[in-house]
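Q: Dropping a prediction and its sequence here:
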Amino acid sequence: MTRMKFERSEVDQTVFYRRNKETGTLIIVSVHVNDCSIVAMSQPLIDQFKIEIKKHMEITDLGALHWILGIEVQCVHKEKKLLLIQHSYIDSILRHYGLDDLKPISTPMDLNV
């Protein structure tokens, strides 16, 4: 990654970024074992990164990110939102502790207090 002029994050050793001060662009790459997630300010930046990384290693492009580390990822382009959803993780914890069949009940207290 350093050959491609990326810097390693000081906070997380698996995150690399490249900022171009002249153009104001930013690309962030997160690496987990043999998976790589790419976030950038535009699709052409992502496409260019894929071309660059192919010069150094063989990659398989799985398309847009939908899951990462058990977290569902949804991109709402019209609203410029990135949603991280943990329903699957929460459901697995409930199943693990045998709480997946519980039904919600109302709280027997005054909600205005």
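A: Yep, that arrived.
Q: Look up how far H77 lies from the closest residue to D91 other than its chain neighbours.
A: Nearest non-adjacent residue to D91, counting by CB to CB, 6 or more residues apart in numbering: D100, 6.8 Å away. (Each C-beta comes from the backbone N, C-alpha and C, glycine too.) Separation of D100 from H77 (CB to CB, to the nearest Å) stands at 34 Å.
Q: With neighbour numbers in mind, choose between the two.
A: A direct count of neighbours by other CB atoms under 10 Å for D100 and H77 places D100 higher, at 11 against 7.
Q: So which residues of the chain form helices?
A: Assigned helices in the chain, in chain order: 43-54, 87-96 (criterion: DSSP state H).
Q: which residues touch the shortest one?
A: The list of residues contacting helix 87-96 from outside it, by CB atoms under 8 Å, 6 or more residues apart in numbering, reads 70-72, 100, 102.
Q: mean confidence score for that helix?
A: Throughout helix 87-96, pLDDT has a mean value of 89.
Q: And the pLDDT for the most centrally placed residue in the chain?
A: The centroid of the chain falls nearest to I68 when counting by CA atoms, centre = their mean (5.8 Å). Note for I68: predicted pLDDT of 82.
Q: again, but for T2
A: On pLDDT, T2 comes in at 77.
Q: check contacts around it.
A: R8.
Q: The one 5 residues further on too?
A: Residues in contact with E7, defined by CB under 8 Å, 6+ apart, are 16-18.
Q: Tell me which of the helices of the chain is the most buried.
A: For the helices of the chain, the largest average neighbour count (mean count of other CB atoms under 10 Å) is found in helix 43-54, namely a mean of 13.
Q: how about it as PDB, C-alpha atoms only?
A: The C-alpha coordinates for helix 43-54 follow below in PDB (Å, rounded to 0.1, in the frame of the first residue of the first chain):
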ATOM      1  CA  GLN A  43     -16.700   5.800  -8.200                       C
ATOM      2  CA  PRO A  44     -13.800   6.700 -10.600                       C
ATOM      3  CA  LEU A  45     -11.500   6.900  -7.600                       C
ATOM      4  CA  ILE A  46     -12.500   3.300  -6.700                       C
ATOM      5  CA  ASP A  47     -12.100   2.100 -10.200                       C
ATOM      6  CA  GLN A  48      -8.700   3.600 -10.500                       C
ATOM      7  CA  PHE A  49      -7.600   2.000  -7.200                       C
ATOM      8  CA  LYS A  50      -8.800  -1.400  -8.500                       C
ATOM      9  CA  ILE A  51      -6.600  -0.900 -11.600                       C
ATOM     10  CA  GLU A  52      -3.600   0.000  -9.400                       C
ATOM     11  CA  ILE A  53      -4.000  -2.800  -7.000                       C
ATOM     12  CA  LYS A  54      -4.300  -5.400  -9.800                       C
END
